[in-house]
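1. this is a predicted model, with the sequence first.
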Amino acid sequence: MNFGIDRLLAEPELRKPLIGRRIALLAHPASVTADLTHSLDALAACPGIMLSSAFGPQHGLRGDKQDNMVESPDFADPVHGVPVFSLYGEVRRPTDAMMDSFDVLLVDLQDLGCRIYTFVTTLLYVLEAAAKHGKAVWVLDRPNPVGRPVEGLTLMPGHESFVGAGPMPMRHGLTMGEMGRWFVAHFGLDVDYRVIEMTGWDPGAAPGWGWPLGERAWVNPSPNAPNLWMARAYAGTVMLEGTTLSEGRGTTRPLELFGAPDIDARAVIAGMRALAPRWLEGCALRDCWFEPTFHKHVGKLCAGVQIHTEGPGYEHAAFRPWRLQALGFKAIRQLQPDYTLWRDFPYEYVNDRLAIDMINGGPGLREWVDDPAADPGDLDALAWPDEAAWEEARAPHLIY
C-alpha cells in the first residue's frame, strides 16, 4: 500500500499544482516514507518542491518533548535551512507571520484515531488559519491505526479545548484526510483543501484492523505511543491522564496499563468482570506490578492492570477501550468509595474544570463513575445515541 507522502513523491501529476509555489510541511517523527526517509528530507530532495518552512505539533517536529504542557521552541532546520515553527510553544495557532511563509501547507501527521490526540486539533487550527489567509492545505493521508470503530460520548458545547476540537466521540474512526473533510463541512470553512489519498488501505483487514501490520514500520508519533497495542487502548487509557492512577508513563508499556501503589489489581479485575463482562471482550487483562521511572508514582511499586490486544484473543469489533477503562474506574470506586481518583490540576492550560471532564468533553463519564446507583446500562444509554449520530455524521466524509 502507499501512504499519501509516497504517492506525492512517486506521481509527478499529483505534484504539478505545487510547482512554483512555496511549500510548508507540518510533520512529526512518524512522518516518514515507506523506506523510513523523513518527509522533510524526501520533499527537499523532490524535483519541483520548493520548501520554505516547516511546522511541528505537540511534542515537536523531532518528537523530543516527553510530556503534556512541555513546549517546543521555533528553530532553523540545520540541514535544509528552513524555519521550523512550533505549534505547541508560544502559540497553538499559526501566526500571521507563520502563514506568510508558504503558499501550500502539506500536513503529514500520523494520528491515533482519538479525539484527544492533539494533532486533530492542530489540523483544525491550520485549516481555520488557511481559510483566513487564502492558503491551501493538503493532507498527505495516513491510516487510522485503530480502524473504523466508534466509541464514547460526544464533546458537549462549551467543552472545546486543545484536546477537544469539535463534537465527535472519543474514538472517531477517521483518517486525518477524512477528518479535514469533516472540519471543512462542519465549520463551514472556505479553504482550498485537498487530500492525497492512500492506495491499498483496508481499515477492516486483519491482522492490523487499520494499521498495515507487517507492511509498514511503526514510528512513534509521540514519545509515549510506542506501538499499535498502545494505539488500540489509547481511547480508554488516555482518560488516566485525568486521574491519580498511573497510565504507565515511565515504563516501557505506557498507556497500555494502569495502576497505583494503593489499589488491589486482582480485585479491580474481578470487580470489572462482575460489573460488565461484555465490556471486557476482545482483549485480555492481566494483573501486574510496575515501578515508574518518572511521572506519577515515580519510584513506587504499583499494582496494575495491563490491557493486552496483541495476542490471538484480540477481537477488533468487540474491543471497547473507552468502556473498559470506565469500568476500571467504576470498580475502583466500588472497592474504595473514598479513593481520590480524579486529578485536580491544570490540564492543557485549562484551570476551570477537572481534567477528566476536559478529556471526555463533559462531565458525563465522571458522574457515572461517582454515582453508586449508576450501572453499565446507564453509560451505554448515554453513549449509544452519540455513537450512532457520529456514524451518520461522518459517513459523507469517508474516503476508503
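-> Received, thanks. Numbers count the residues shown, from 1 in each chain.
2. now for the helix or strand bottoming out on mean pLDDT in the chain, which elements pack on it?
-> Using mean pLDDT, DSSP states H and E, strand 75-76 stands out as the lowest-scoring helix or strand of the chain, at a mean of 91. In terms of contacts (3 or more Cβ pairs under 8 Å, 6 or more residues apart in numbering; DSSP states H and E), strand 75-76 is packed against strand 83-86. The way it works is simple: take the backbone N, C-alpha and C, and place the C-beta from them, glycine included.
3. which residues are in contact with the helix or strand that the strand it packs on is followed by?
-> With elements assigned by DSSP states H and E, the helix or strand that comes after strand 83-86 is helix 96-99. Here helix 96-99 makes contact (Cβ atoms under 8 Å, 6 or more residues apart in numbering) with 53, 55, 85, 129-130, 132-133, 135.
4. neighbouring strands - and their directions - for the least confident helix or strand of the chain?
-> Here strand 75-76 is paired, per DSSP bridges, with strand 83-86 (antiparallel).
5. so what's the spatially most central residue of the chain up against?
-> Centroid-nearest residue in the chain, with Cα atoms, centre = their mean: residue 117, separated by 3.0 Å. Counting by Cβ under 8 Å, 6+ apart, residue 117 touches 111, 222, 234, 238.
6. show me which pair in those residues is furthest apart.
-> Greatest spacing in these, by Cβ to Cβ: 111 and 238 (13.1 Å).
7. give the buried residues for whichever strand or helix holds residue 368.
-> Assigned by DSSP H and E, residue 368 belongs to helix 364-370. For helix 364-370, burial by neighbour count (16 or more other Cβ atoms under 10 Å) applies to 364-366, 368-369.
8. same check, this time on stretch 72-87
-> Quick answer for stretch 72-87 (16+ other Cβ under 10 Å): 72, 77, 82-87.
9. and the end-to-end length of that stretch?
-> 8 Å (Cα to Cα, to the nearest Å).
10. centre of the chain versus it, how much separation?
-> 24 Å (Cα atoms, centre = their mean, to the nearest Å).
11. keeping just the C-alphas, turn the biggest helix by length in the chain into PDB.
-> For the chain, the helix that runs over the most residues, judged by DSSP state H, is helix 376-394. Output of helix 376-394 as PDB, limited to C-alpha atoms (Å, rounded to 0.1, in the frame of the first residue of the first chain):
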ATOM      1  CA  PRO A 376     -23.200  -0.100  32.900                       C
ATOM      2  CA  GLY A 377     -26.500   0.100  31.200                       C
ATOM      3  CA  ASP A 378     -26.800   3.700  32.200                       C
ATOM      4  CA  LEU A 379     -23.400   4.500  30.500                       C
ATOM      5  CA  ASP A 380     -24.500   2.600  27.400                       C
ATOM      6  CA  ALA A 381     -27.700   4.600  27.300                       C
ATOM      7  CA  LEU A 382     -25.600   7.800  27.300                       C
ATOM      8  CA  ALA A 383     -23.100   6.700  24.700                       C
ATOM      9  CA  TRP A 384     -25.200   4.800  22.200                       C
ATOM     10  CA  PRO A 385     -27.100   7.800  20.700                       C
ATOM     11  CA  ASP A 386     -23.900   9.800  20.400                       C
ATOM     12  CA  GLU A 387     -22.100   6.900  18.700                       C
ATOM     13  CA  ALA A 388     -25.000   6.400  16.300                       C
ATOM     14  CA  ALA A 389     -25.200  10.100  15.500                       C
ATOM     15  CA  TRP A 390     -21.500  10.300  14.800                       C
ATOM     16  CA  GLU A 391     -21.500   7.300  12.400                       C
ATOM     17  CA  GLU A 392     -24.200   9.200  10.400                       C
ATOM     18  CA  ALA A 393     -22.400  12.500  10.500                       C
ATOM     19  CA  ARG A 394     -19.000  11.100   9.400                       C
END
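12. want to throw the buried residues of helix 364-370 into TSV with distance to residue 18?
-> Output for the buried residues of helix 364-370, formatted as TSV (distance: Cβ to Cβ, whole Å):
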residue	distance to residue 18
364	45
365	44
366	47
368	49
369	50
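13. okay, and the beta partners of the closest residue in space to residue 341 that isn't next to it in sequence?
-> The spatial neighbour of residue 341 that comes closest, neighbours along the chain excluded (Cβ to Cβ, 6 or more residues apart in numbering), is residue 243 at 5.5 Å. Beta-bridge partners recorded for residue 243 (DSSP bridges): residue 342.
14. kindly report the same for residue 350.
-> residue 347.
15. same deal with residue 308?
-> residue 284.
16. hmm, residue 33 is touching residue 39, no?
-> Yes: look at residue 33 against residue 39 with Cβ atoms under 8 Å: they come within range, at 6.7 Å.
17. shared neighbours of the two, anything?
-> With Cβ under 8 Å, 6+ apart as the test, residue 33 and residue 39 both reach residue 5.
18. just want to know which of these two has more residues nearby.
-> For residue 33 versus residue 39, neighbours defined as other Cβ atoms under 10 Å are more numerous around residue 39 (27 against 19).
19. for residue 142, see how far away the more buried one is.
-> 11 Å (Cβ to Cβ, to the nearest Å).
20. go on, residue 120?
-> From residue 120 to residue 142 the distance is 13 Å (Cβ to Cβ).
21. got it, and residue 210?
-> Counting by Cβ to Cβ - residue 210 and residue 142 are separated by 11 Å.
22. now, among the contacts of residue 117, which is nearest to residue 197?
-> Among these, and counting by Cβ to Cβ, the member closest to residue 197 is residue 111, at 15.3 Å.
23. list the contacts of the closest one.
-> So residue 111 contacts 117, 119-120, 142, 144, 175-176, 179, 221 (Cβ under 8 Å, 6+ apart).
24. no more questions from me, cheers.
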